[in-house]
Every structure is written in structure tokens, then in C-alpha cells.
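Novice: Coordinates only, no sequence provided:
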């Protein structure tokens, strides 16, 4: 079970748009064409990757993609219009360029695909009534916690979504050009770099604390060397106390 209640809690909004163009006769004269999408639903360990919220179409009759249980299976509430506008305004703000990273490393990345480290489900969308052009839009959410928990060691990841067109007739005179395609989504794992002045202040504070500790130890006489006479007297006193036999012979 997930503690998520709204789609905003899941993560960043990702929309895939597939445009199907028919340059010949309406496909409904020959049969039903379908858009088949290999959707990277989960990681190899069963955690959410791309959460499919909704599928919309343009230029088509009402399309019901299957299996329907894969569309918003957690029944999360959708993003409100006011929240969407607020998010769009925040995305337009320039990022803070005052933060710089003092450490550099090799850019480490990983590819998540259906033939690799992603568990996929096939979404089949029948293109009923396709005459010329149709647009299928998949609205989804990037499951941020999965990437922050399981892929934090990577600089970025590529998520591959594959799509293909199929026709349920076996006519020889029908040619499907560019029947397969794939979309690459690049996810950058943004880490907040520590500003250089914070590091500098921390170093100076450490040096100051060390100097105060040395001064305190010096005031307490920790670094003071004993005089030679005091050292000899201490040794002589120790020798007297460690020789009780001499004291007994004198009294006799």
C-alpha cells in the first residue's frame, strides 16, 4: 500500500505524446489499428518508476486503453488547476546559480528499459476512426522516492518507452511506415551543492576552536616544563619511600 493521496505527492509531471499519421485511406475501412506502448511501470525490485495517471486522445473517438487497471491504480486525486499554474510559475523561475560544487566526478548513468532493469506493462490503445492524424497523450508522474532511494549514486538515468502500431488484418497492400519508435526520458538526480562560503566558514571555525583549546591547555600549565631542581627532588623523594630497609637499620 502507498501513503500517497494526490498525484503531486508522487513526483514530477511527465507527459508522453504519440502522433499517428495516416496518409492513405481511413483505416476503419480495413480493420482496427492499435497503438501498443511498452510502459516502464516498476524497477527490477518492484518499486514504482512511472506512474500512469491518465490517457487522453485528440482527433479520435473515445479511446479505452487496456488494461484499464494500470491507469491510476492507486486512485490518486488529480492535480488541481490552481496547483498546476503555481507549479508552472515555479518551473519558469531561474535556478540559483550561486551554488557551486567543489568536487567533480565522472558522470555515472544507467538505462532503464523493458529489456533491462525495468518491469513493463503493455498498454494497447485501439485507434478507432483514424482518418488522418491522431494524438495520444499519456499523463504520468515520475515516482521521485524510488530514484532518490535506489539510484542516488547516479548522475542521471535514461528511461526508455517503446511504442508500435499494429493492424488486426493481414492485407498485403497495407504498409505501416515507421511502425515502431522509442522515447528516451532523461532524469537528472539533482543534488544540492554546498556553497563555498559555508565550507570556508566551517574550516575557519574549526581552526578557531583548535586555537582556543591550545590556549586553554597552555593556561592550565599542560605545556609547562618542570624545573631541574624540582625534578631531582621528586626523584630523591621517590627513592626514600621505596627503600624501607634503610630506615629499619638506622633505628637498630
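Specialist: Everything's here; your move. In this text, all values refer to a predicted model and were calculated from it rather than measured experimentally.

Novice: Every contact and neighbour count from this point should use C-alpha atoms.
Specialist: Noted.

Novice: can you give me the strands in the stretch 101-250 of the chain?
Specialist: Counting by DSSP state E, counting those that start in this stretch, the stretch 101-250 of the chain has strands at residues 109-112, 118-126, 133-142, 156-167, 180-188.

Novice: Identify the residues contacting the longest one?
Specialist: Which is strand 156-167. 31-40, 107-114, 176, 179-189 (CA atoms under 8 Å, 6 or more residues apart in numbering).

Novice: how about low-confidence regions in the stretch 151-252 of the chain?
Specialist: In the prediction, the stretch 151-252 of the chain carries residues with pLDDT under 70 at positions 169-178, 190-199, 221-252.

Novice: again, only using 80
Specialist: 167-179, 190-206, 208-252 (pLDDT under 80).

Novice: Report the contact partners of residue 7.
Specialist: 53, 76-79, 141.

Novice: Give me the subset of these lying in strands.
Specialist: When DSSP state E is applied, the contacts of residue 7 are split such that 53, 141 fall in strands.

Novice: which two in the contacts of residue 7 are spaced the farthest apart?
Specialist: The largest separation in the contacts of residue 7, counting by CA to CA, is between 77 and 141 at 12.4 Å.

Novice: least confident pick among the contacts of residue 7?
Specialist: pLDDT across the contacts of residue 7 is lowest for residue 79, at 73.

Novice: and the gap between it and residue 145?
Specialist: Distance of residue 79 to residue 145, given as CA to CA, to the nearest Å: 19 Å.

Novice: so residue 54 touches residue 141, yeah?
Specialist: No. Contact between residue 54 and residue 141 fails when scored by CA atoms under 8 Å: they sit 10.1 Å apart.

Novice: Which one of these two is surrounded by more residues?
Specialist: Ranked by neighbour count (other CA atoms under 10 Å), residue 54 and residue 141 place residue 141 first, with 20 against 16.

Novice: For residue 219, grab the count of nearby residues.
Specialist: 11.

Novice: residues contacting it?
Specialist: Contacts of residue 219 were listed using CA under 8 Å, 6+ apart, and none were found.

Novice: Would you mind measuring from it to residue 52?
Specialist: 69 Å.

Novice: before we move on, what about residue 217?
Specialist: With CA to CA as the criterion, residue 217 and residue 52 are 65 Å apart.

Novice: Between these two, tell me which one has more neighbours.
Specialist: residue 52 (20 against 12).

Novice: Nearest residue to that one in space, ignoring adjacent ones along the chain?
Specialist: residue 140 (4.4 Å; CA to CA, 6 or more residues apart in numbering).

Novice: ditto for residue 126
Specialist: That would be residue 34: by CA to CA, 6+ apart, it lies 4.1 Å from residue 126.

Novice: Could you confirm the one you found falls within a strand?
Specialist: Yes. Residue 34 forms part of a strand when assessed by DSSP: H, G, I helix; E, B strand; the rest coil.

Novice: residues touching it, list them.
Specialist: 124-127, 165-167.

Novice: Any chance of JSON lines for the residues you listed, columns neighbour count and distance to residue 23?
Specialist: Below are the contacts of residue 34 laid out as JSON lines (neighbours: other CA atoms under 10 Å; distance: CA to CA, whole Å):
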{"residue": "124", "neighbour count": "20", "distance to residue 23": "22"}
{"residue": "125", "neighbour count": "20", "distance to residue 23": "20"}
{"residue": "126", "neighbour count": "22", "distance to residue 23": "18"}
{"residue": "127", "neighbour count": "29", "distance to residue 23": "15"}
{"residue": "165", "neighbour count": "20", "distance to residue 23": "14"}
{"residue": "166", "neighbour count": "16", "distance to residue 23": "16"}
{"residue": "167", "neighbour count": "17", "distance to residue 23": "15"}
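
Novice: quick one on the thing from earlier: name the member of the contacts of residue 7 with the most neighbours.
Specialist: Taking other CA under 10 Å as the neighbour criterion, residue 53 ranks highest of these with 22 neighbours.
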